[in-house]
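Engineer: Fold the following, please.
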Amino acid sequence: MLTPKQADAAAEQAIADYAAALSLSSHTEVRQALEMLISKAARGIEKYCGAEVAVDVLTRTSGHLMRNPMAQQQKQ
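Structural biologist: Numbers count the residues shown, from 1 in each chain. Presented below is the predicted three-dimensional model:
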């Protein structure tokens, strides 16, 4: 099993590879492609853990984004 830091780096690389493979050229295309990844990940969680868990993960993720906007992180 990867450490949390290794898993974070692997996820970042997977997203970069996915975006490059799709030859995305606009912010809209990036948003749509990553939205699909979020949806597929949620469906994967639903398949193995149930809908309630998948919704909980999405809700917690949404809350985390609201509390910790990336613009703040980039300033640090």
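Engineer: Now the residue nearest to the spatial centre of the chain: closest residue in space that isn't a chain neighbour?
Structural biologist: The centre of the chain sits closest to I38, judged by C-alpha atoms, centre = their mean, with a distance of 5.5 Å. Leaving aside its chain neighbours, I38 sits nearest to L58 (7.8 Å; criterion: C-beta to C-beta, 6 or more residues apart in numbering). For the C-beta atoms, the positions are set from N, CA and C on the backbone; glycine is no exception.
Engineer: Quickly note the distance from M70 to V55.
Structural biologist: Distance of M70 to V55, computed by C-beta to C-beta, to the nearest Å: 23 Å.
Engineer: So these two - more neighbours on which side?
Structural biologist: Set M70 next to V55 and count neighbours by other C-beta atoms under 10 Å: V55 wins out with 13 against 8.
Engineer: State the helix or strand in which that one lies.
Structural biologist: Following DSSP states H and E, the helix or strand that holds V55 is helix 51-67.
Engineer: May I see the buried residues of that helix?
Structural biologist: Neighbour counts over helix 51-67 (16 or more other C-beta atoms under 10 Å) mark A54 as buried.
Engineer: same question, stretch 25-38
Structural biologist: By 16+ other C-beta under 10 Å, stretch 25-38 has no buried positions at all.
Engineer: hmm, who's touching it?
Structural biologist: With C-beta atoms under 8 Å, 6 or more residues apart in numbering as the test, stretch 25-38 has contacts from I15, Y18, A19, L22, L24, L58.
Engineer: could you give me the average pLDDT of the longest helix seen in the chain?
Structural biologist: Longest helix in the chain by number of residues (criterion: DSSP state H): helix 27-49. Helix 27-49 carries an average pLDDT of 96.
Engineer: now the angle between helix 51-67 and it, please.
Structural biologist: Calculated by axes from the mean of the first three to the mean of the last three C-alpha atoms, to 10 degrees, helix 27-49 forms an angle of 140 degrees with helix 51-67.
Engineer: Please state the offset of helix 27-49 from the chain centre?
Structural biologist: 7 Å (C-alpha atoms, centre = their mean, to the nearest Å).
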